[in-house]
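I would like the atomic coordinates for the input below:
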Amino acid sequence: MLDIKFVRNNPDVVKQNIKNKFQDEKLPLVDEVIELDQKNRDIKGEVEALRAEKNKISKQIGACMAQGKKEEAEEVKKQVAASGTRIEELSTREKEVEEELLKDMMVIPNIIDPSVPIGKDDSENVEVQKYGDPVVPDFEIPYHTETVSYTHLRAHE
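You can find the predicted model right below:
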């Protein structure tokens, strides 16, 4: 999975990479990921600001109580409660956005190494290095499902 910072800072590179892999249907995901990332960062910023404000107001409650200003303290408590409710709403939304962001990020393909030639299929691959000669066995090779099934049956005997 790509780093969100890389996608945020290099959307054109990511889009070109998707085109190079002939997966054009995934192109809209890049813009969606950038938008979701911005929403997520906005939510985090608002939550942080609300928590700082809530802490500041909570200190005012203590000061009001010490000075005997109970009515003023009750008003300030209402503000703290409202901030707490908003923080909970935003935290829920933040989790939703992060899940959606992760889901999209998992679909965006990794960047192709620059040394890899771009081709429509494996017929355009380039052999870089070869080790030894291919060995052709003198017996019939079973299809992989036959091997798995036989092994599975043998394990339960």
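
Residue 110 - how many residues pack around it?
10 (other C-beta atoms under 10 Å). (Each C-beta comes from the backbone N, C-alpha and C, glycine too.)

Look at it and give its secondary structure.
What DSSP: H, G, I helix; E, B strand; the rest coil gives for residue 110 is coil.

which ones are touching it?
Contacts were defined as C-beta atoms under 8 Å, 6 or more residues apart in numbering; by that measure residue 110 touches 1-2.

ok, it to residue 99 distance?
Look at residue 110 and residue 99: by C-beta to C-beta, to the nearest Å, they are 21 Å apart.

and if you look at residue 44?
Residue 44 sits 15 Å away from residue 99, taking C-beta to C-beta as the criterion.

And these two? Which one has more around it.
residue 44 (15 against 11).

just how off-centre is stretch 103-116 within its chain?
13 Å (C-alpha atoms, centre = their mean, to the nearest Å).

May I see the buried residues of that stretch?
104-105, 108, 111 (16 or more other C-beta atoms under 10 Å).

Please produce a markdown table containing the residues you listed, extended by pLDDT.
Output for those, formatted as a markdown table (pLDDT from 0 to 100):
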| residue | pLDDT |
| --- | --- |
| 104 | 96 |
| 105 | 96 |
| 108 | 96 |
| 111 | 95 |
